[in-house]
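A.B. asks: A predicted structure for the sequence below; I have some questions about it.
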Amino acid sequence: MTIKYTDYEMYLRRHILSTLMNHFDDNQAIYECADEWIEKFYAPHTGIIELYKASHDVIDYYKTHFAK
């Protein structure tokens, strides 16, 4: 699947990726988070670190309590 971004979306995505990569190590999750942000919010990346942390907290919780 190819995703087409406008120039603004690419600019925003680049800054989101840079911000997250400076704080976290999981590249796949970082790219997924950036793509989700662009798709759902289409807004400046204020709050992206909080969104990433919240997403990972939920995933870690389910892995810990529901993984078999």
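C.D. replies: Cool, got the structure.

A.B. asks: would you list every one of the helices in the chain?
C.D. replies: 7-21, 27-40, 48-66 (DSSP state H).

A.B. asks: Output these in a markdown table; the columns should cover mean neighbour count and mean pLDDT.
C.D. replies: From N, CA and C alone the C-beta is placed, and that goes for glycine too. Below are the helices of the chain laid out as a markdown table (neighbours: other C-beta atoms under 10 Å; pLDDT from 0 to 100):
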| stretch | mean neighbour count | mean pLDDT |
| --- | --- | --- |
| helix 7-21 | 15 | 87 |
| helix 27-40 | 15 | 84 |
| helix 48-66 | 12 | 65 |
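
A.B. asks: Contacts for stretch 18-33 next, please.
C.D. replies: 16-17, 34, 45, 48-49, 51-52, 55-56 (C-beta atoms under 8 Å, 6 or more residues apart in numbering).

A.B. asks: 6 Å instead?
C.D. replies: Under the criterion C-beta atoms under 6 Å, 6 or more residues apart in numbering, residues 48-49, 52 lie in contact with stretch 18-33.
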